[in-house]
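Student: Pasting a predicted model and its sequence here:
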Amino acid sequence: MPRISRRTAELGTENAFVVLAEVNELARQGKDIVSFCIGQPDFPTPANVQEAAIRAIREGKHGYTPSAGINELREAAARYMGTVRGIEIRPEDVVVGAGAKPFIAYAILSVTDYGVGDEVIYPNPGFPIYESQIQVCGAVPVPLPLREARDFAFDPEDLQARITPRTRLLILNSPHNPTGGILGKRDLEGIAAILRRHPQVWIYADEIYSRLVYEGAFVSIASLPGMLERTIISDGASKTWAMTGWRIGFASNPVLAPQFVRWVTNTDSCASQISQWAAVEAIQGPQDDAEAMRRSFLARRDLIVALLNGVPGVSCRTPGGAFYAWPNVTEACRMIGAADSEDFRKRLLNEAGVAVLADIHFGARVAGEGQHVRFSYAASREAIEAGIARMADFIRRNTVRAA
Ligand SMILES: Cc1ncc(COP(=O)(O)O)c(C=O)c1O
């Protein structure tokens, strides 16, 4: 048998997809499961966006586009990303991709070399693709612990302590998956002050949830003095306009955009032309649906946080953005005799029919931070109420009483 490469054998994954397979198998067996696993809006893509795609098909927009994307979308995305962040972004600095996800790899590939010790700092817990891609690209992963006491921002001293002359890239993600935490202006100013002393470090600002901020305005590190040139801003259509399956993301950086274009040419050639025209409409058309989705997520956030805080052994901070809650279940684990959050997750799934992800699906557990699970609250109110009621009941039923 010809062998497969070590690189591929060691490639990481998004465990959401692994857990989803478990959930689907249980559902296939007829088990009634309330699922909080999936990180995507539970709304259809807005009708005007669907119509734009149908128009594009009918008008014969079927071919390849330039690897950087159609000019109309680069212009719309530049204006949009600039407005949301209060900065000026030029269309020629914007590259369209098949989702925001490919830019994680393109960025790491563009600023690190293979096997020479180039380091990339990334949030822990964090979107699992960061660590997986850092590793597979031959760079050194340097996890940066997030702190519950800071609402899941990190301590600037922890960042300072991890920067070395070999640091090439710092990945920031705000609003954050999986905690829902946000980096506020003060956090970002502290980070920028540190980075000014380390001019060799690029920043990858994963801002895919930029429109899902619930208190105050969204702030990007790119808007702070001296940061724009060295920041790769990543955003896209998936979360804001419920377009995960359409695969449209956009990234901007004045120096790296031409490199990203070459990476797109070497991988996808271009994003789907039909989806690109749909994204132009998503950005330029009415924003009522996107706003309604945001309001709905906010209402559900308030609901799930209140309900989780009523569950024995569970405490949940109020996440500032995205659609994730990251409750601390350390005490609940102790109460039911679960070894850790993963044992808790499995039992919750198998014994109570509630599907969540565990902290270990987002990187190694941070020492001293306890046990957490992730709820995606892109689920109906009924599902949230039923799921949390089942969880509370499960913990009560299984609480091991001291003899
Ligand atoms: C933090 C983060 N970055 C990037 C992505 C990828 O989004 P896209 O659908 O645009 O590839 C996701 C999707 O879950 C995410 O949570």
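Tutor: Happy to help now that I have it. Residues are numbered from 1 along each chain as shown.
Student: Could you tell me which residues of the stretch 51-200 of the chain lie near the ligand?
Tutor: The interface of the stretch 51-200 of the chain toward the ligand, taken as CB under 6 Å from any ligand atom, is made up of Gly99, Ala100, Lys101, Phe127, Asn173, Asn177. All C-beta spots, glycine's among them, are computed from the backbone N, C-alpha and C.
Student: Can you tell me the element the residue of the stretch 51-200 of the chain found nearest the ligand falls in?
Tutor: Taking CB to the nearest ligand atom, the ligand has its nearest neighbour within the stretch 51-200 of the chain at Gly99, 2.7 Å off. Secondary structure from DSSP states H and E places Gly99 outside every helix and strand.
Student: So what's the residue count around it?
Tutor: Gly99: 22 surrounding residues under other CB atoms under 10 Å.
Student: in the stretch 51-200 of the chain, which spans are helices?
Tutor: Assignment of helices within the stretch 51-200 of the chain using DSSP state H, counting those that start in this stretch yields the ranges 71-85, 101-111, 128-136, 156-162, 185-196.
Student: chain center to whatever helix or strand comes next after the last one, what's the gap?
Tutor: What that stands for is helix 185-196. Following the chain from helix 185-196 toward its C-terminal end, the next helix or strand by DSSP H and E is strand 202-206. On the basis of CA atoms, centre = their mean, to the nearest Å, strand 202-206 sits 13 Å off its chain's mean C-alpha point.
Student: How is the protein divided into domains?
Tutor: Domain assignment for the chain, taken from automatic domain parsing, gives 6-44+289-398, 63-284.
Student: Generate CSV for these, with mean pLDDT as supplementary columns.
Tutor: Converted to CSV, the domains of the chain look like this (pLDDT from 0 to 100):
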stretch, mean pLDDT
domain 6-44+289-398, 95
domain 63-284, 97
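Student: so of those, which one's packed in deepest?
Tutor: Greatest average neighbour count among the domains of the chain goes to domain 63-284 (a mean of 20), per mean count of other CB atoms under 10 Å.
Student: Which residues outside the one helix or strand Arg295 maps to are in contact with it?
Tutor: For Arg295, the host element (DSSP H and E) is helix 288-309. Applying CB atoms under 8 Å, 6 or more residues apart in numbering, the external contacts of helix 288-309 come out as 41, 43, 46-47, 180, 211-212, 214, 240-242, 282, 314-319, 323, 325, 327, 375, 377-379, 381, 384-385, 388-389.
Student: out of these, which are inside helices?
Tutor: Ala47, Ala282, Arg381, Ile384, Glu385, Ile388, Ala389 (DSSP state H).
Student: could you pull out the strands for the stretch 201-350 of the chain?
Tutor: With DSSP state E, counting those that start in this stretch as the criterion, the stretch 201-350 of the chain has strands at 202-206, 231-236, 249-252, 324-325.
Student: Tabulate those strands (JSON lines), appending distance to the ligand.
Tutor: Formatted as JSON lines, these follow (distance: least, CB to the nearest ligand atom, whole Å):
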{"stretch": "strand 202-206", "distance to the ligand": "5"}
{"stretch": "strand 231-236", "distance to the ligand": "4"}
{"stretch": "strand 249-252", "distance to the ligand": "4"}
{"stretch": "strand 324-325", "distance to the ligand": "9"}
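Student: and these as CSV, adding distance to Trp277?
Tutor: Converted to CSV, the strands of the stretch 201-350 of the chain look like this (distance: least, CB to CB, whole Å):
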stretch, distance to Trp277
strand 202-206, 25
strand 231-236, 15
strand 249-252, 14
strand 324-325, 31
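Student: if we compare those, which one ends up closest to Tyr64?
Tutor: strand 249-252 (17.9 Å; CB to CB).
Student: Adjacent strands (with direction) for the closest one?
Tutor: Strand 249-252 sits in its sheet next to strand 94-97 (antiparallel), strand 231-236 (antiparallel), going by DSSP bridges.
Student: Let me have these in CSV, extended by distance to Val19.
Tutor: What follows is these, written out as CSV (distance: least, CB to CB, whole Å):
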stretch, distance to Val19
strand 94-97, 26
strand 231-236, 24
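Student: Go through those and name the closest to Arg401.
Tutor: Nearest to Arg401, of all those, is strand 231-236, at 49.7 Å by CB to CB.
Student: what residues does that closest one touch?
Tutor: Outside strand 231-236, the residues that touch it by CB under 8 Å, 6+ apart are 77, 81, 84-85, 89, 97, 99-100, 103-104, 107, 202-208, 210, 220-222, 248-253, 256.
Student: change it to 6 Å
Tutor: If you take CB atoms under 6 Å, 6 or more residues apart in numbering as the criterion, strand 231-236 is touched by 81, 100, 103, 107, 203-208, 210, 221-222, 248-253.
Student: what does stretch 36-49 give?
Tutor: The contact list for stretch 36-49 (CB under 6 Å, 6+ apart) reads 16, 19-20, 242-244, 278, 281-282, 285, 289, 293, 355-357, 375-376, 378-379.
Student: Please list which of those residues also come close to the ligand.
Tutor: Residues of these in contact with the ligand (CB under 6 Å from any ligand atom): Thr244.
Student: Might one say that Thr240 is in contact with Arg211?
Tutor: Yes: the pair formed by Thr240 and Arg211 meets the contact definition of CB atoms under 6 Å, at 4.4 Å.
Student: what's near enough to touch the residue nearest to the spatial centre of the chain?
Tutor: What sits nearest the mean C-alpha location of the chain, by CA atoms, centre = their mean, is Asn177, with 4.2 Å. Asn177 makes contact with Phe127, Ala322, Tyr324, according to CB under 6 Å, 6+ apart.
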